[in-house]
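> need a structure here:
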Amino acid sequence: MNTNKTLWVLGHKVTYVETIGDYSLLEVSVTPNVPGPPPHYHVDSPELFHLIDGELDVMLDGSWCSLKKGESIMVPKNSVHSFRSNGTNECRFITTWSPRGFEGFFLEFGVPINNENAFEKSVSDEMIQKVVTGCSKYGMIVVDDA
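This is a model prediction of the structure:
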């Protein structure tokens with residue numbers, strides 16, 4: 001995998017950072033008015049969100065909490081979660097999980113940012129259907145109601 005590969009994934013700009021060891025790391029930029037991922041959980045790993053800039057709402061098991069710059073939240077494995085920008089400006093956060101493996105989701109369903117109409121392709125009905133039907137191979141389970 002290439003170091004610092006940047007992709008559009010479901011309308012979010014995601015930069016995959018190559019790591020050493022049994023964990024993965026992404027930097028994610030979320031624009032206001034772009035919905036977060038569908039409520040889901042991970043069967044293989046917890047996930048950490050650490051806010052670098054802006055404001056981020058994180059839903060954890062049906063309850064929303066707001067993160068401010070410098071704050072973090074740990075989502076235990078098998079806990080239903082999602083996120084959304086909570087402000088008028090883009091927010092940026094780091095997310096990490098261990099063990100490795102879930103980064104394959106982003107690499108499979110991401111659209112390289114330099115592709116023509118990359119953002120639009122990342123939020124197309126076709127891509128959303130691919131994500132919903134294919135995410136379980138990475139231990140991500142989408143739930144209907146959260």
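> In this protein, mark out all the helices, start to finish.
103-109, 118-122, 125-134 (DSSP state H).
> Identify the bridge partners of the closest residue to residue 110 other than its chain neighbours.
Residue nearest to residue 110 in three dimensions, not counting chain neighbours: residue 7, with 2.9 Å by CB to CB, 6 or more residues apart in numbering. Heads up, the C-betas are built off the backbone N, CA and C, glycines and all. Here residue 7 sits in beta bridges with residue 14, residue 112, going by DSSP bridges.
> What about residue 7, how many residues nearby?
Residue 7 sits with 20 neighbouring residues when counted by other CB atoms under 10 Å.
> what's the closest non-adjacent residue to residue 108?
Residue 108 sits nearest to residue 134 (CB to CB, 6+ apart), 7.1 Å away.
> these two touch, right, the residue nearest to residue 110 and residue 113?
Yes. Contact criterion CB atoms under 8 Å: residue 7 and residue 113 qualify, at 6.4 Å.
> Overlap of the contact sets of the two?
residue 13 (CB atoms under 8 Å, 6 or more residues apart in numbering).
> Output the below-cut-off pLDDT ranges for this protein.
The chain contains residues with pLDDT under 70 at 1-4, 145-146.
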